[in-house]
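Q: sequence-free structure coming up:
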C-alpha cells in the first residue's frame, strides 16, 4: 500500500475527481496528500478534504504567489490550518529563482510561513528551484522537519537536507531516461525517502506526456526497487512508515 505525499487535485485539472480518487485507490494508493498552494484554491481544497476520507492536505503559499498574498492572507491561512485536522503540514512553500523574480520578497514570504510552521508544530513541504543555497541557509534558521518536494539535486545536497531531518520527495523524474536522480537514489537510505507524483505534472515513464495522477505511484516505487535492488514491498512499507512518522498520522 502506498501514499502519495504530494499531488494537486482540482477541477481545473481533472474532470471527474470521484473517478480519480477511485482509480488511485484501486492501484494501492490508499492515502493522497493534496498540496494547496494558491489562495484561490483554498475553498475547493477544503471541500475535497471534507468529501474524501483518503485525502489529507498541506496548505501554504507557493513562491509564485508573492504578488498575490499579504499578511491578511497569511493570517487567514493560519486560521484555516488550525481549524482543520486533515491539514497536516504547511506547503508547498519555498524559493523559485528559475524565472526573473523578486528574491527578497520570496525570502520574506518563505520565512513567515516557516515561522508559522514552527508555531503550529507542523512539518513543511519545500519547493526549491535554482535556489539551493538560499533554501538551505534559511532552513537552518528553523528547527523544523518536512519534505524537500520533487528532489532532483546532487547526493551532496541530499545529505545536507537529510542531516537536517528532511525527507526527500522522489517522483516521476526518477523514471526518466538518463535521469541523474537514479544515481542519487541508489545511494540514499530508504528511511530518507517518501513517494510523490506532483500530479498532474511530471508523469513517469511509460506514460510521460500524459496527465499524471497518484495511480502511478507504484511505477515510481518499482523504479526505486529496481535501482536499489530491493523488493517493491520494502519500498512501499518503508516510505509509508516514513510518511506516518513525519506527519504524526495514526496507523
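A: Great, that's in hand. Remember, it's a predicted structure, so these values are computed and weren't measured experimentally.

Q: Give me the mean pLDDT for the longest helix along the chain.
A: If you go by DSSP state H, the chain has its longest helix at helix 103-120. Mean pLDDT, helix 103-120: 98.

Q: For that helix, give me every contacting residue.
A: With CB atoms under 8 Å, 6 or more residues apart in numbering as the contact definition, helix 103-120 has outside contacts at 60-61, 63, 65-67, 69, 71, 74, 77-78, 81-82, 89-90, 93-97, 123-124, 131, 134, 138-139, 141-144, 146. Quick note: C-beta positions are derived from backbone N, CA and C, even for glycine.

Q: quick one: the helices in the stretch 1-150 of the chain?
A: Remark: helices assigned in the stretch 1-150 of the chain by DSSP state H, counting those that start in this stretch are 17-26, 42-51, 71-82, 103-120, 132-139.

Q: Adding distance to residue 248, write those out as CSV.
A: CSV is the format used below for the helices of the stretch 1-150 of the chain (distance: least, CB to CB, whole Å):
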stretch, distance to residue 248
helix 17-26, 23
helix 42-51, 17
helix 71-82, 14
helix 103-120, 12
helix 132-139, 20
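
Q: right, and those helices - which one's nearest residue 189?
A: Nearest to residue 189 among the helices of the stretch 1-150 of the chain is helix 132-139; the distance by CB to CB comes to 19.4 Å.

Q: Would you mark the buried spots in the closest one?
A: Using 16 or more other CB atoms under 10 Å as the test for burial, helix 132-139 gives 132, 134-135, 138-139.

Q: ok and the longest helix of the chain relative to helix 71-82, angle-wise?
A: If you take axes from the mean of the first three to the mean of the last three CA atoms, to 10 degrees, helix 103-120 sits at 30 degrees to helix 71-82.

Q: Okay, angle between helix 103-120 and helix 132-139 too, please.
A: Interaxial angle, helix 103-120 versus helix 132-139 (the same axes, to 10 degrees): 40 degrees.

Q: chain center to helix 103-120: distance?
A: With CA atoms, centre = their mean, to the nearest Å as the basis, helix 103-120 stands 17 Å off its chain's centre.
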